[in-house]
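Asks: my questions concern the predicted model and sequence given below.
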Amino acid sequence: VTLSRVMRQRSLDPVGKEMLMPKDPNATITMLGTGTGIAPFRLFLWKMFFEEHEDYKFNGLAWLYLGIPTSSSLLYKEEFEKMKEKKPENFRLDFAVSREQTNEMGEEMYMKRMAEYAEELWELLKKDNTFVYMCGEGYR
């Protein structure tokens, strides 16, 4: 079984439509955002970490991979830091700064940062309550 096969099997609506959070408050939610793709994930994260809901309390893992061209283009940094302070065991954040970072082979980062966590991601993806969302530029 390959990573791409698992992701295809798990994708309910890979393009368009609305992005709904899983109902399971213990889910692992992996978010891949490139540039403007941060907007819907910011709403997810607000619901998980800042809002109070009688019918929903997030207890799972939210892991955001954010691809940005330069570190100066990072949006919502202060909010992310507050989320990590509030629930460090429930929020992970990794950046891929494409014009400032390179991988071991000297290539621009983009979302290749995920390869650093391949084994851990693979174990998460094998679980039924792991969801993967991707939002951002679709032409690269």
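Replies: Great, that's in hand.
Asks: can you count the residues close to the closest residue to residue 91 other than its chain neighbours?
Replies: Spatial nearest neighbour of residue 91, chain neighbours left out: residue 83 (4.8 Å); criterion: Cβ to Cβ, 6 or more residues apart in numbering. Placement of C-beta: from N, CA and C, glycine included. Here the number of neighbours of residue 83 (other Cβ atoms under 10 Å) works out to 21.
Asks: check contacts around residue 83.
Replies: Contact analysis of residue 83 by Cβ atoms under 8 Å, 6 or more residues apart in numbering lists 45, 48-50, 91.
Asks: does it sit in a helix, a strand or a coil?
Replies: State at residue 83, reduced to three classes by DSSP: H, G, I helix; E, B strand; the rest coil: helix.
Asks: all helices in this structure, in order from the N-terminus.
Replies: Secondary structure of the chain by DSSP state H: the helices cover 3-10, 38-49, 77-86, 118-125.
Asks: just how off-centre is the third one within its chain?
Replies: On the basis of Cα atoms, centre = their mean, to the nearest Å, the separation between the geometric centre of helix 77-86 and that of its chain is 15 Å.
Asks: for that helix, buried residues please.
Replies: Neighbour counts over helix 77-86 (16 or more other Cβ atoms under 10 Å) mark 80, 83 as buried.
Asks: now that helix against helix 38-49, angle please.
Replies: Our comparison of helix 77-86 with helix 38-49, counting by axes from the mean of the first three to the mean of the last three Cα atoms, to 10 degrees, yields an angle of 30 degrees.
Asks: next, find the distance separating residue 64 from residue 53.
Replies: Distance, residue 64 to residue 53, using Cβ to Cβ, to the nearest Å: 20 Å.
Asks: more neighbours, the two?
Replies: A side-by-side neighbour count of residue 64 and residue 53, using other Cβ under 10 Å, places residue 64 first with 22 against 10.
Asks: so what's the more buried one bridging to?
Replies: Going by DSSP bridges, residue 64 is paired in beta bridges with residue 31, residue 93.
Asks: what count of nearby residues applies to the residue nearest to residue 73 when sequence neighbours are not counted?
Replies: Distance criterion Cβ to Cβ, 6+ apart; nearest residue to residue 73, sequence neighbours excluded, is residue 35 at 7.8 Å. For residue 35, the count of nearby residues is 16 (other Cβ under 10 Å).
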